[in-house]
Structures are given as structure tokens and as C-alpha cells.
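# got a predicted structure plus its sequence, pasted below:
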Amino acid sequence: MIALDGNSKLHLERFLAGESEEPHPYDDIARAQGGIWLFMNFNTVWCLKPDGSLWQIDADECDPPELLPKELETLAIVSGARFHHWLKAYVPAKPVTASTCQHCAGVGSYNNAETLCGNCSGLGWLV
């Protein structure tokens, strides 16, 4: 769960009204559940709802939506910020005590930024 400011809530309201900044293939799945899509992996869509809750949705609609596990929240926000610029405000800032992630060499991703590093949640650093 993240605390959304008024500007972010406005972006979400516009999205839910069908006014996507840049339409994506998974918009309809997230919008049907009252959220904005952040990430798609296999048949699971992660989305953010206006109350700040993060959900995982079965794209085939075989299973009911579930809250996204807490340990995946940062990865979801980092992923979503790649497509929704206003989400960058919710990506954690690198603390001075942080160390470079050895798995991605501090880049936060692999394969030309297509795949986020699960070790550091796409941040490129660890505390």
C-alpha cells in the first residue's frame, strides 16, 4: 500500500475514465478491476488502485484478484514508473548506506531494461 497524493489520484481517475497517456495491452484488465496496470508476467497483471493498494490479477480471470505480497510492492512501483512517469515519485531514493546490487551491477535490469532485477526490485541498490 502506498499513500498517493492528489496528483497521482488524478492520473488514476483519468486512466479509469479511459484517458490513457499511452495505451498498453493490459489496460483493460487492470481497469476492469479498478486499477492501473504496472506489470505483466505470464498470466498475472499487477495493478495499483486509487486507494494505494497493489493487486495481482489473473489475466484469464480464473482466480479472483489478490493483494500483491508486500515484498513485491517496490518491484511493482519501479515497473509501473517505466510507463507512468508520475509513479517515479514513489520509487525509493537511494540511501547513502546502500550498496550496488551485484546481480544487475547496479543497473536494476537485464536484457536492455526489459527484465527488472528481482534481487534489488529494479532499484540497482540494496540496503
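Nice, thanks for sending it over.

# from now on I want contacts and neighbour counts done on CA atoms only, so please keep to that.
Will do.

# so I77 makes contact with I36?
No: when contacts are counted by Cα atoms under 8 Å, I77 is not listed as touching I36 (11.2 Å).

# of those two, who's got more company?
I36 (29 against 26; other Cα atoms under 10 Å).

# quick check, that one in contact with C47.
Yes: assessed by Cα under 8 Å, I36 is found in contact with C47 at 5.2 Å.

# give me the common contacts of the two.
A30 (Cα atoms under 8 Å, 6 or more residues apart in numbering).

# the chain: strands as residue ranges?
In the chain, the strands defined using DSSP state E lie at 36-41, 44-48, 54-58, 66-67, 99-100, 109-110, 115-116, 125-126.

# so which elements touch the third one?
It refers to strand 54-58. If you count contacts as 3 or more Cα pairs under 8 Å, 6 or more residues apart in numbering; DSSP states H and E, strand 54-58 packs onto strand 44-48, strand 66-67.

# now do the fifth one
Counting contacts by 3+ Cα pairs under 8 Å, 6+ apart, strand 99-100 packs against strand 125-126.

# other residues contacting the strand it packs on?
K94, A98, S99, T100, C101, G106, G108, C120.

# what of stretch 19-39?
Stretch 19-39 is touched from outside by 12, 14-16, 40, 45-50, 57, 59, 76-77, 79-81, 83, with contacts defined as Cα under 8 Å, 6+ apart.
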